[in-house]
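A.B. asks: predicted model, plus sequence, below.
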Amino acid sequence: MMSISHNYRFIERDYWYGKALSNSEHLLPSQIDEILDQMQSDYCDYTFKFFGDGSVIVIDNETNGRINPKELTGAVLDFYIRKRIHLIKVNLQEKQLQYA
C-alpha cells in the first residue's frame, strides 16, 4: 500500500513578494520586485513532501539535496510549521468524521 503524501513548494522570494504586496499600500509590484532584487539574499526554493504518518521530506530544488527540518529557519520554518499544523488539523477532522 502506498503512503499518501502532500507536496508543497516554497519559494522564499515569492513569499516575501506576497507579504510586501499585502502589507503595503504604497509600493507598486515593480517596486517590490526591485527591492527584492537588490537584497543580498539567496532565496530558498524547497519542496516539502508530507506523509500521512507524520514524516516529511524536504528537498532543495536548486541542489536536489535533502534538508533536515531542524535546519529550517525564518520564513521557510514558518511555512513548514503552518503546513504541518494544517495537515494535523485536517487529519483529525477526517478521523472525527470517520468515527462519528
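C.D. replies: It's in. Numbers count the residues shown, from 1 in each chain.
A.B. asks: show me the beta-bridge partners of residue 58.
C.D. replies: Under DSSP bridges, the beta-bridge partners of residue 58 are residue 48, residue 67.
A.B. asks: what is the burial count for it?
C.D. replies: 20 (other C-beta atoms under 10 Å). Quick note: C-beta positions are derived from backbone N, CA and C, even for glycine.
A.B. asks: enumerate every residue touching it.
C.D. replies: By C-beta atoms under 8 Å, 6 or more residues apart in numbering, residue 58 lies in contact with 46-49, 66-69, 72, 80.
A.B. asks: go again using 7 Å as the cut-off
C.D. replies: Shown in contact with residue 58 (C-beta atoms under 7 Å, 6 or more residues apart in numbering): 46, 48, 66-67, 69.
A.B. asks: kindly list the longest helix within this structure.
C.D. replies: helix 74-98 (DSSP state H).
A.B. asks: list the buried residues of that one.
C.D. replies: 75-76, 79-80, 83, 87 (16 or more other C-beta atoms under 10 Å).
A.B. asks: what about that helix, average pLDDT?
C.D. replies: Averaged over helix 74-98, pLDDT sits at 91.
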